[in-house]
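>>> sharing a model that was predicted from the sequence below.
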Amino acid sequence: MKTKAVFRKDILQTKALVKAGKIASDTANRASRALGISVTYIKDGVIYEETSEGVITTKKQIEDDVVAPFEIKKGLILHAK
């Protein structure tokens, strides 16, 4: 129960980070359009590319089925090389 209380204390920081991310992405999109650079994004499992003129093309469908090489359990320690 204490973890929920800690999360509630951080909700203002979480909201601020989400707002900052939205502002940053809007600014990046406007700058990309101004420079004539295409923007690639994922929406509903499909990769789209939008040109600076506003033309949207579908690039690829993302597969939903991901097969893990092993089962991850609580308490598992992962070592990276």
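Good, I have the coordinates.
>>> tell me where the longest helix sits in this protein.
Looking across the chain with DSSP state H, the single longest helix is helix 11-35.
>>> show residues contacting it.
38-39, 52 (C-beta atoms under 8 Å, 6 or more residues apart in numbering). Quick note: C-beta positions are derived from backbone N, CA and C, even for glycine.
>>> make TSV out of these and add neighbour count, secondary structure and distance to L78.
Below are the contacts of helix 11-35 laid out as TSV (neighbours: other C-beta atoms under 10 Å; DSSP: H, G, I helix; E, B strand; the rest coil; distance: C-beta to C-beta, whole Å):
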residue	neighbour count	secondary structure	distance to L78
S38	13	coil	36
V39	15	strand	33
S52	13	coil	41
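>>> pLDDT check: weakest of these?
When these are compared by pLDDT, S52 scores lowest at 87.
>>> quick one: contacts for it?
32-38.
>>> with that, I have no additional questions.
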